[in-house]
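Peer 1: sharing a sequence plus its predicted fold:
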Amino acid sequence: GLVMGEYYGYATIVDWMKRIADRMPRLASILEIGRSAEGRGIFGIKLGHDDGRKPIVVIDAGIHAREWASIHTAMYFINLMANGHDSDPWIRSYFDNIVLYILPVLNPDGYEFTRNDRTNPRSRMWRKSRSQQRCAWDGQSTKCCHGVDLNRNFDFRFGEVGASRYPCSEIYHGESAHSEPETRAFANFLMNLGDRLKGYITLHAYSQLWIYSYSHRKFTYPANIEEIRNVAARAVAALGREFGTRYQYGTGPEIIYAFSGGSTDWATEKLRVKYSYTLELRPTYEGIIEWNGFVLDKRQLIPTAKETWAGVKVVIDQIILEY
Ligand code: 0X9
Ligand code: ZN
């Protein structure tokens, strides 16, 4: 296995998931949902006894390249499930009662770019995918840039707010909804799960937030907002009980900013996923100088993942209770 509390390259992460799936053939399998713009396979792992009826929960991370702590957290969940099957009855019950898909790196091109590019020190802070350059006139000159903000590329109020039509923007939404291969692969994957998909959690960093729909406008909620909010409140409380970490919960526009084209709103609106959350992991904004919140000290990786799992468990347990 791999030692937790470290950052790993994409190939290492994928190999590791394959080895876990090989080791537990009836309980885990690897899946490739599609390929990135640069041709990398986008992989995930399926955990659980699938009888075709159990509720499904999907967890992803690394849609934004620089948010490395989210990738580690998803890996930690995989590790916990894989090692817990034989030793932890609660984990074993998850194998019996749900099907859990974890996709730790939705944007592998961006992630590898943040790890390996040596041409520019700012590359560690890359956010978008690495798709081919697009050019646009910005009023002064024509500028060309790589990449799309994949969390602005989903088919939910595409391009309406908190997104940019300029390719050089950090929040460039792409030419049209699902124009990017990563978005398409993931959207198709979720759509094919059908109405067994009850939970979707996307891991981001940072600012310690537990966010639910909708993100484009204040005070706009799904019909079952009471249940969504109640589960969020309990998740945040459970998370805080681990190490005292304080999370805020609410919709994006209520607690940070409005935007559209994100994956959780799309899952809520188009797929009717009952519990769909965006998590912003450690740290908070307090004491953060410009961008360094994305560079989480390795000593914080395991505690971050542990407390996040405590929150995620509340969502999973609620779904098991209901279905
Ligand atoms: O802006 C995003 O895509 C996410 N934040 S991040 O810093 N990781 O880029 C999601 C923001 C949370 N949701 C809303 N603001 N509605
Ligand atoms: Zn993000």
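Peer 2: Here it is on my side, so go on. Ligands and ions are numbered 1, 2, ... in the order given.

Peer 1: which residues does the residue of the stretch 201-323 of the chain at minimum distance from ligand 2 bridge with?
Peer 2: Nearest residue of the stretch 201-323 of the chain to ligand 2 (Cβ to the ion) works out as H204 at 3.3 Å. The C-beta positions use only the backbone N, C-alpha and C, and glycine is treated the same way. Taking DSSP bridges as the rule, H204 bridges to E280.

Peer 1: element containing I33, please.
Peer 2: strand 28-35 (DSSP states H and E).

Peer 1: what does that strand rub up against?
Peer 2: For strand 28-35, the external contacting residues (Cβ atoms under 8 Å, 6 or more residues apart in numbering) are 17-18, 20-21, 41-47, 82, 101, 103, 181-182, 184-186, 188-189.

Peer 1: how does it look with 6 Å?
Peer 2: With Cβ atoms under 6 Å, 6 or more residues apart in numbering as the test, strand 28-35 has contacts from 17-18, 20-21, 41-47, 185, 189.

Peer 1: need the buried ones from those residues selected in ChimeraX.
Peer 2: Remark: buried members of these, expressed as a ChimeraX selection using 16 or more other Cβ atoms under 10 Å:
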select :17,20,21,42,43,44,45,46,47,185,189
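
Peer 1: number of nearby residues for whichever residue of the stretch 201-323 of the chain sits closest to ligand 1?
Peer 2: With Cβ to the nearest ligand atom as the measure, G252 is the residue of the stretch 201-323 of the chain nearest to ligand 1, at 1.6 Å. For G252, the count of nearby residues is 25 (other Cβ atoms under 10 Å).

Peer 1: can I assume it is in contact with I211?
Peer 2: Yes - between G252 and I211 there is a contact under Cβ atoms under 6 Å: 5.4 Å.

Peer 1: just to revisit the earlier point, adding distance to ligand 1 and secondary structure, write the contacts of strand 28-35 out as a markdown table.
Peer 2: Below are the contacts of strand 28-35 laid out as a markdown table (distance: Cβ to the nearest ligand atom, whole Å; DSSP: H, G, I helix; E, B strand; the rest coil):
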| residue | distance to ligand 1 | secondary structure |
| --- | --- | --- |
| M17 | 23 | helix |
| K18 | 28 | helix |
| I20 | 27 | helix |
| A21 | 29 | helix |
| G41 | 24 | strand |
| I42 | 18 | strand |
| F43 | 22 | strand |
| G44 | 20 | strand |
| I45 | 23 | strand |
| K46 | 25 | strand |
| L47 | 25 | strand |
| A185 | 18 | helix |
| F189 | 19 | helix |
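
Peer 1: can I get the contacts of strand 28-35 in a markdown table including distance to ligand 2 and pLDDT?
Peer 2: Output for those, formatted as a markdown table (distance: Cβ to the ion, whole Å; pLDDT from 0 to 100):
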| residue | distance to ligand 2 | pLDDT |
| --- | --- | --- |
| M17 | 22 | 98 |
| K18 | 26 | 98 |
| I20 | 26 | 98 |
| A21 | 27 | 98 |
| G41 | 22 | 99 |
| I42 | 17 | 99 |
| F43 | 20 | 99 |
| G44 | 18 | 98 |
| I45 | 21 | 99 |
| K46 | 24 | 98 |
| L47 | 24 | 98 |
| A185 | 18 | 99 |
| F189 | 19 | 99 |
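
Peer 1: chain center to stretch 235-252, what's the gap?
Peer 2: 17 Å (Cα atoms, centre = their mean, to the nearest Å).

Peer 1: end-to-end on that stretch?
Peer 2: Start and end residues of stretch 235-252 are separated by 17 Å (Cα to Cα, to the nearest Å).

Peer 1: contacts for that stretch next, please.
Peer 2: By Cβ under 6 Å, 6+ apart, stretch 235-252 touches 208-211, 215, 232, 255, 303, 306-307, 310-311, 314-315.

Peer 1: run through the residues you listed and flag the ones next to ligand 1.
Peer 2: Among those, the residues that sit close to ligand 1 (Cβ under 6 Å from any ligand atom) are I211, S215.

Peer 1: in JSON lines: the contacts of stretch 235-252, plus distance to ligand 2, secondary structure and pLDDT.
Peer 2: As requested, the contacts of stretch 235-252 are exported to JSON lines (distance: Cβ to the ion, whole Å; DSSP: H, G, I helix; E, B strand; the rest coil; pLDDT from 0 to 100):
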{"residue": "Q208", "distance to ligand 2": "13", "secondary structure": "coil", "pLDDT": "97"}
{"residue": "L209", "distance to ligand 2": "11", "secondary structure": "strand", "pLDDT": "98"}
{"residue": "W210", "distance to ligand 2": "14", "secondary structure": "strand", "pLDDT": "98"}
{"residue": "I211", "distance to ligand 2": "11", "secondary structure": "strand", "pLDDT": "98"}
{"residue": "S215", "distance to ligand 2": "12", "secondary structure": "coil", "pLDDT": "98"}
{"residue": "A232", "distance to ligand 2": "18", "secondary structure": "helix", "pLDDT": "99"}
{"residue": "I255", "distance to ligand 2": "15", "secondary structure": "helix", "pLDDT": "95"}
{"residue": "P303", "distance to ligand 2": "20", "secondary structure": "helix", "pLDDT": "98"}
{"residue": "K306", "distance to ligand 2": "21", "secondary structure": "helix", "pLDDT": "98"}
{"residue": "E307", "distance to ligand 2": "18", "secondary structure": "helix", "pLDDT": "98"}
{"residue": "A310", "distance to ligand 2": "21", "secondary structure": "helix", "pLDDT": "98"}
{"residue": "G311", "distance to ligand 2": "17", "secondary structure": "helix", "pLDDT": "99"}
{"residue": "V314", "distance to ligand 2": "22", "secondary structure": "helix", "pLDDT": "99"}
{"residue": "V315", "distance to ligand 2": "19", "secondary structure": "helix", "pLDDT": "99"}
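
Peer 1: cool, thanks, talk later.
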